[in-house]
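**Student:** here is a sequence together with a model predicted from it:
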Number of protein chains: 2
Amino acid sequence: MKVIHYNPSSLEEAVKIIRDALTSKKLMVIYGCCTIIYEGRGASRLTQGDRLVIVKRDGSVLVHRPFGYSPVNWQPETTDISLSVENGELVMKALRLTPREILEIRFTKIYTITHAILDDRGEFIEYLSEEEIRDYLSKNPSTIEEGLITIDVEKRVEPGFIDLYCRDRNGNVVIIEIKRTTASKDAVLQLKRYIDAVKKYMPRERIRGIIVAPSISKSALELTEKLKLEYKRIDISQIYKVLRSRQRGKSLLHYIGKAKS
Amino acid sequence: MKVIHYNPSSLEEAVKIIRDALTSKKLMVIYGCCTIIYEGRGASRLTQGDRLVIVKRDGSVLVHRPFGYSPVNWQPETTDISLSVENGELVMKALRLTPREILEIRFTKIYTITHAILDDRGEFIEYLSEEEIRDYLSKNPSTIEEGLITIDVEKRVEPGFIDLYCRDRNGNVVIIEIKRTTASKDAVLQLKRYIDAVKKYMPRERIRGIIVAPSISKSALELTEKLKLEYKRIDISQIYKVLRSRQRGKSLLHYIGKAKS
DNA sequence: GCCTAGGTCCCGTCT
DNA sequence: AGACGGGGCCTAGGC
């Protein structure tokens, strides 16, 4: 990777450098003093100050202030970035079509521009996404309850997708909603919706519903009881350990996340 | 703003530069080749590649790949960033305490480091947040329906907060749920929960529920009808114009967002 | 294109 | 500290 670094002496020069970087699809970082206008789903103004502006090769634009995780303004993947100099300001406009939104960055001063082509073909591997936990539990339903049998995974019903559609040792239908983190009231209501939908098709069957999560909020647990649903705690780090031991070679650090039950 | 730019010739030199920038609370941008390990609420690995790493003065860390809005790995506001050189790699560890999470960036090569103190005291002004729309509608309930009177705003009931608690021209209680963008099924269910909660206290009254939004999804509209609720479209750009005309001096661009009804 | 659901969501706010 | 809801959420997947 070769990083090229400029201290443009004028905004006109900066325009040339930025235009070059855009056409050659480089990643670009600008330190500059700017004001920002955004209009689209919402609308905002940011008065003058020093910021870091990042333009990526797919046209995504990020404006960062000196603190905080989130960009103060942004545009995800724009096809259309225009540049001009107006009234002594370098104006960069990033237009997005759906939804129709415009981000306008007006630089009064550009301190430095760096750009480079990043050679990034790295593989991103995620462990213990909800999907992975669902896969594990669908193959090991006894983790949830002895005698449970998985009938369907991600079963489509009217309101959405049922994580696990099972039957218990007594032959009852059991609908399972999995959460990777603390289950909230929303999760319980989601489960209730699925049960109501399934009940329509089997009005005479007893249908159980279980929230499966490492922890649950107090009000969510109350709601669970009120709606005659169940909550089953699972140990994520336990699943993690089992999966790790099966994937020898992929050595992982000790799992440090701990959720309360 | 003074941006300082380095091309460190060794990882040891890079450590010194980064440590300096950290202690003087600067914003720092690193172009480097690295692998990344994250463990916390989830866990991930990213194999080797060129990336942009940003460290802000509050200790937030962002790792960006050459495309996309989202950082591939991150840490929002860490108190503890440690640096070392191990086996020919510069290791930066950012630790967060609640939730307990660790981000480990292992650089095999650092191309450039820039850092600066950004003087950013700009004011960020947002227009038409849900709160602003709610304020407007509470003062102008006839926008929703002729004869409507606002009784309470953000009224606390068991499941949460009712946006607007009103009475119509016939004296019926009207519960209003406002959405700034397309209303989803969740919004409709939220409204239903509020109505059910209020019905407990006034079992004999007729209680109407209205979803107020610039647009609504097809299935949400069906659910609205099924639950005998109502949907009222509002024109955000109209409210925008009225508010703009009242705030003379704050000239705004023409509102470009258009949501379907 | 719309809609649904997840996310290391982040973030503010309130208890 | 947990809990709850909003966000220009973003992003992936289905239809």
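**Tutor:** Looks like it arrived, so ask away. Everything numeric here is computed off the predicted structure, so don't read it as measured data. Residues are numbered from 1 along each chain as shown, chains lettered A, B, ... in the order given.
**Student:** okay, CA-based contacts and neighbour counts for the rest of this
**Tutor:** Noted.
**Student:** tell me where chain A has helices.
**Tutor:** A:11-23, A:130-139, A:185-201, A:218-226, A:236-246 (DSSP state H).
**Student:** quick one: closest of these to DNA strand C.
**Tutor:** Set against DNA strand C and scored by CA to the nearest atom of the strand, the helices of chain A come closest in helix A:130-139, at 3.7 Å.
**Student:** neighbouring contacts of that closest one?
**Tutor:** Here helix A:130-139 makes contact (CA atoms under 8 Å, 6 or more residues apart in numbering or on different chains) with A:Thr143, A:Ile144, A:Thr150, A:Val153, A:Asp163, A:Leu164, A:Ile178, A:Lys179, A:Arg180, A:Ile239.
**Student:** near DNA strand C at all, that helix?
**Tutor:** Yes: residues of helix A:130-139 contacting DNA strand C under CA under 7 Å from any atom of the strand: A:Glu130, A:Glu131.
**Student:** buried set for that helix?
**Tutor:** Of the residues in helix A:130-139, A:Glu132, A:Ile133, A:Arg134, A:Tyr136, A:Leu137, A:Ser138 count as buried by neighbour count, 16 or more other CA atoms under 10 Å in any protein chain shown.
**Student:** could I get these as CSV with distance to B:Ile105 and pLDDT?
**Tutor:** Shown next, in CSV, are the buried residues of helix A:130-139 (distance: CA to CA, whole Å; pLDDT from 0 to 100):
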residue, distance to B:Ile105, pLDDT
A:Glu132, 25, 88
A:Ile133, 26, 92
A:Arg134, 29, 93
A:Tyr136, 29, 92
A:Leu137, 32, 94
A:Ser138, 34, 93
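**Student:** so what's the residue count around the nearest residue to A:Thr108 once chain neighbours are set aside?
**Tutor:** Leaving aside its sequence neighbours, A:Thr108 sits nearest to A:Glu89 (CA to CA, 6 or more residues apart in numbering or on different chains; 4.9 Å). Look at A:Glu89: counted by other CA atoms under 10 Å in any protein chain shown, it has 18 neighbours.
**Student:** these two touch, right, A:Glu89 and A:Ile110?
**Tutor:** No: using CA atoms under 8 Å, A:Glu89 makes no contact with A:Ile110, being 9.8 Å away.
**Student:** find residues that contact each of these two.
**Tutor:** Common neighbours of A:Glu89 and A:Ile110 (CA under 8 Å, 6+ apart) are A:Leu11.
**Student:** residues in a beta bridge with the nearest residue to A:Asn73 once chain neighbours are set aside, which ones?
**Tutor:** Closest residue to A:Asn73 apart from its sequence neighbours, by CA to CA, 6+ apart: A:Val63 at 5.3 Å. Assessed by DSSP bridges, A:Val63 has beta-bridge partners A:Val53, A:Asn73.
**Student:** gap between A:Leu227 and B:Lys179?
**Tutor:** With the distance defined as CA to CA, to the nearest Å, A:Leu227 ends up 28 Å from B:Lys179.
**Student:** which one's more surrounded, those two?
**Tutor:** Neighbours around A:Leu227 and B:Lys179, counted as other CA under 10 Å, are more numerous at B:Lys179. The numbers are 22 against 13.
**Student:** closest one to B:Asp168 among the helices of chain A?
**Tutor:** Among the helices of chain A, helix A:185-201 comes nearest to B:Asp168, with 30.0 Å by CA to CA.
**Student:** what angle separates that closest one from helix B:185-201?
**Tutor:** If you take axes from the mean of the first three to the mean of the last three CA atoms, to 10 degrees, helix A:185-201 sits at 90 degrees to helix B:185-201.
**Student:** do helix A:185-201 and DNA strand D meet at all?
**Tutor:** Yes: with CA under 7 Å from any atom of the strand as the criterion, DNA strand D is reached by helix A:185-201 at A:Lys185, A:Asp186.
**Student:** how many neighbours does the residue nearest to A:Arg156 when sequence neighbours are not counted have?
**Tutor:** In this structure, A:Arg156 finds its nearest non-sequential neighbour in A:Ile162, 6.5 Å apart by CA to CA, 6+ apart. Neighbour count for A:Ile162, taken as other CA under 10 Å: 23.
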